[in-house]
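Engineer: what's the 3D shape of this:
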Amino acid sequence: MAEARCPASCGELIQGWILGGEKLISCPVNWFSEVSVTDGVPGKHERPRMRQMMKAVLAYFGLSVDMARGLHISLTSTIPVAKGLASSTADIAATALATARYLGKILDETTLARFCVQMEPTDSTLFSHLTLFDHQTGATQIACDWQPPIDILLLESPETLITADYHHLERHQTLLESASVLERAWRLFCQAVATQDCLRLGEATTLSAQASQKLLVKPAFDSLLELVERSGIYGLNVAHSGSVVGLLCDRHYHDVEYLCWWLTHWEITRFYPRQHLLTMIPGGVR
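Structural biologist: Okay, the predicted model is just below:
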């Protein structure tokens, strides 16, 4: 048996028109899809594209895709799907690495990214560093040498959106109109990395979230911005092609109970009935 696991993402730290095209930086958190590959017949409950990824890895290493008929894929994941949590990227990236390990082979991150983008728009959670990534072509991969010590109160909405459906929307003009905002967000992000400044990072993510409102509205967004101001947390981020929102904070410094009280008191929980306190972690398939 061979195993691998890949983290979920609380939406994106930033996403939009950056350096000449649409790109993103995912926000990996301590919530995982875990995949194992063993001898056996294919199961009936595999998620989409997992077996397609297995066959792609077999072919890459010069083996017959028919070998997949004798391999069983098991998945353990509680990551909600179709909400902007990178569940699909986690599933197929973990499948790729588990398959390679079963074969006694190694897949580097660049090759893994190429496999994933050939199947669907891909989150940059598969990189060990925070990475600016062209999630549709894989052409841009700019790694950032800083792991922010940040906790995230993830606000989960019942609303769902398939990422592929989002990418079929006519978004190009709106992306271009927000390009200057995203240029500033990218500049702030780079400054945050250079100075290891969580507040500056929160400025960048909040700017990107505000720009995203023109494409995919998050309920109670203005109230959440007010909460950021009143509580002094670092900022917020969103799933630009999903429904979740993240409140960026430090559980040892900021009052998480106050954040939860505010959400309930102002009835924001009717839009986001489930909350999860998570930690931003390094990405990469383990």
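Engineer: worst-scoring helix or strand of the protein, pLDDT-wise?
Structural biologist: Counting by mean pLDDT, DSSP states H and E, the chain has its least confident helix or strand at helix 163-167, which shows a mean of 67.
Engineer: just checking, what packs against the helix or strand just after that helix?
Structural biologist: Counting by DSSP states H and E, the next helix or strand C-terminal to helix 163-167 is helix 172-177. Contacts defined by 3 or more C-beta pairs under 8 Å, 6 or more residues apart in numbering; DSSP states H and E place helix 172-177 against strand 2-18. The way it works is simple: take the backbone N, C-alpha and C, and place the C-beta from them, glycine included.
Engineer: contact partners for Leu71?
Structural biologist: Applying C-beta atoms under 8 Å, 6 or more residues apart in numbering, we find Leu71 in contact with Val37, Thr38, Asp39, Gly40, Pro42, Met54, Thr99, Tyr102.
Engineer: how much space between it and Leu107?
Structural biologist: When distance is defined by C-beta to C-beta, to the nearest Å, Leu71 is 16 Å away from Leu107.
Engineer: try His276
Structural biologist: Taking C-beta to C-beta, one finds His276 at 30 Å from Leu107.
Engineer: if you count surrounding residues, which of these two has more?
Structural biologist: With neighbours defined as other C-beta atoms under 10 Å, His276 and Leu107 compare such that Leu107 has more, 22 against 17.
Engineer: close enough to count as contact, that one and Ala98?
Structural biologist: No: the criterion here is C-beta atoms under 8 Å, and Leu107 misses it with Ala98 at 10.2 Å.
Engineer: if I look at the residue nearest to Arg47 when sequence neighbours are not counted, how far off is Ser26?
Structural biologist: Using C-beta to C-beta, 6 or more residues apart in numbering and skipping the chain neighbours, the partner closest in space to Arg47 is Asp91 (5.1 Å). Asp91 is 15 Å from Ser26, where distance means C-beta to C-beta.
Engineer: more crowded one of those two?
Structural biologist: Counted by other C-beta under 10 Å, Asp91 and Ser26 do not tie: Ser26 has more neighbours, with 28 against 25.
Engineer: name the SS class of the more buried one, please.
Structural biologist: Three-state assignment for Ser26 (DSSP: H, G, I helix; E, B strand; the rest coil): strand.
Engineer: can I assume it is in contact with Ala86?
Structural biologist: Yes: the criterion here is C-beta under 8 Å, and Ser26 meets it with Ala86 at 6.2 Å.
Engineer: overlap in contacts of those two?
Structural biologist: Common neighbours of Ser26 and Ala86 (C-beta under 8 Å, 6+ apart) are Ser9, Asp123, Thr125.
Engineer: just send these back as a markdown table, with pLDDT, distance to Leu63 and neighbour count too.
Structural biologist: Shown next, in a markdown table, are those (pLDDT from 0 to 100; distance: C-beta to C-beta, whole Å; neighbours: other C-beta atoms under 10 Å):
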| residue | pLDDT | distance to Leu63 | neighbour count |
| --- | --- | --- | --- |
| Ser9 | 98 | 31 | 31 |
| Asp123 | 98 | 28 | 33 |
| Thr125 | 98 | 27 | 28 |
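Engineer: adding distance to Ala239 as columns, could you present those residues in JSON lines?
Structural biologist: As requested, the shared contacts of Ser26 and Ala86 are exported to JSON lines (distance: C-beta to C-beta, whole Å):
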{"residue": "Ser9", "distance to Ala239": "8"}
{"residue": "Asp123", "distance to Ala239": "10"}
{"residue": "Thr125", "distance to Ala239": "13"}
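Engineer: looking at these, spot the one nearest Leu207.
Structural biologist: Taking C-beta to C-beta as the measure, Ser9 is the one of the shared contacts of Ser26 and Ala86 closest to Leu207, at 18.6 Å.
Engineer: quick one: contacts for that closest one?
Structural biologist: Residues near Ser9 by C-beta under 8 Å, 6+ apart: Ser26, Cys27, Pro28, Val29, Gly84, Leu85, Ala86, Thr89, Asp123, Thr125, Gly283.
Engineer: keep only those of these that are in strands.
Structural biologist: Among the contacts of Ser9, the members found in strands (DSSP state E) are Ser26, Cys27, Pro28, Val29.
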